[in-house]
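Undergrad: 3D, please:
(2 chains)
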Amino acid sequence: GAVVSQHPSWVICKSGTSVKIECRSLDFQATTMFWYRQFPKQSLMLMATSNEGSKATYEQGVEKDKFLINHASLTLSTLTVTSAHPEDSSFYICSARGTSGRKGTDTQYFGPGTRLTVL
Amino acid sequence: AQSVTQLDSHVSVSEGTPVLLRCNYSSSYSPSLFWYVQHPNKGLQLLLKYTSAATLVKGINGFEAEFKKSETSFHLTKPSAHMSDAAEYFCVVSRKGGYNKLIFGAGTRLAVHP
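TA: Sure, this is the predicted structure:
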């Protein structure tokens, strides 16, 4: 099946530092990747849509200068949380949409998530 | 606007009994609908999807869902629950303006008791 990985799976950092989270599609190419945020016992909220080779599209209320997204290749997107603060602590999940073929273009495949704790 | 409502935040069943997780949607056009499952500290796994083909959709692990336009519902069912089915389930509708922008329901936590 379609596999999406995230690294790291969890990270603890000090307030004011920056943290980078990687999202990789392991067995398919993904023109579009998505970044979500999930608070404890809550649903997923879309943060931004990342298209390979172009700027990300951010959802309303998401600070693009705080959450930097780069989609440099068809298999890798990164989310950098800059100057992290305790309120940024959350579970960050990425997903990837296939380009064509068996993996399809109509389904998002999700990574296992990254738990960020900012002290 | 599109929205999805999962009618139960928690559902508890005994192993071997049927499972029903309810989902209603609102959409200004024909939607695509999905059910995803999330086990603790794991990523979301697609159970099944409806994309305007057959209204009864069969998914993995014995789950199925029926799209009922007249009732704007997409309830998830399974004839016999297994202990491994205990997880969080999300009903998801595709969002206008981009086929793959997804709107998630609040989730239903399924507990399965021996």
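
Undergrad: distance between stretch A:64-84 and the chain's centre?
TA: Taking C-alpha atoms, centre = their mean, to the nearest Å, one finds stretch A:64-84 lying 7 Å from the centre of the chain it belongs to.

Undergrad: Alpha carbons only: can I get it in CSV?
TA: C-alpha atoms of stretch A:64-84 as CSV (Å, rounded to 0.1, in the frame of the first residue of the first chain):
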residue,chain,number,x,y,z
LYS,A,64,2.8,31.3,7.2
ASP,A,65,5.8,32.9,8.8
LYS,A,66,5.6,30.7,11.8
PHE,A,67,4.9,27.4,10.0
LEU,A,68,7.3,27.3,7.1
ILE,A,69,6.5,24.6,4.5
ASN,A,70,8.9,23.4,1.8
HIS,A,71,8.0,20.8,-0.9
ALA,A,72,11.2,20.4,-2.7
SER,A,73,10.6,17.1,-4.4
LEU,A,74,7.8,14.7,-5.3
THR,A,75,8.5,12.6,-2.2
LEU,A,76,9.4,15.1,0.5
SER,A,77,7.7,18.0,2.3
THR,A,78,9.0,19.7,5.4
LEU,A,79,7.2,21.7,8.1
THR,A,80,9.3,24.0,10.2
VAL,A,81,7.8,25.5,13.3
THR,A,82,9.8,28.7,13.9
SER,A,83,10.3,30.3,17.3
ALA,A,84,8.2,27.6,18.9
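
Undergrad: And the contacts of it?
TA: A:13, A:15-26, A:29-31, A:33, A:35, A:47-48, A:50-54, A:56, A:58, A:88, A:92, A:94, A:96, A:99, A:116, A:118 (C-beta atoms under 8 Å, 6 or more residues apart in numbering or on different chains). For glycine as for every other residue, the C-beta is placed from the backbone atoms N, C-alpha and C.

Undergrad: average pLDDT across that stretch?
TA: The average pLDDT for stretch A:64-84 rounds to 93.

Undergrad: Now which of the contacts of stretch A:64-84 would you call buried?
TA: A:13, A:19, A:21-25, A:30-31, A:33, A:35, A:47-48, A:50, A:52, A:56, A:58, A:88, A:92, A:94, A:96, A:99, A:116, A:118 (16 or more other C-beta atoms under 10 Å in any protein chain shown).

Undergrad: So which residues of the chain form strands?
TA: No chain in the question, so chain A it is. Applying DSSP state E to chain A gives strands spanning A:4-7, A:10-13, A:19-25, A:30-38, A:44-51, A:57-58, A:67-73, A:76-81, A:90-98, A:108-110, A:114-118.

Undergrad: try again with chain B
TA: Going by DSSP E, chain B shows strands at B:3-6, B:10-14, B:19-21, B:23-26, B:33-38, B:44-50, B:56-58, B:64-68, B:73-78, B:87-94, B:102-104, B:108-113.
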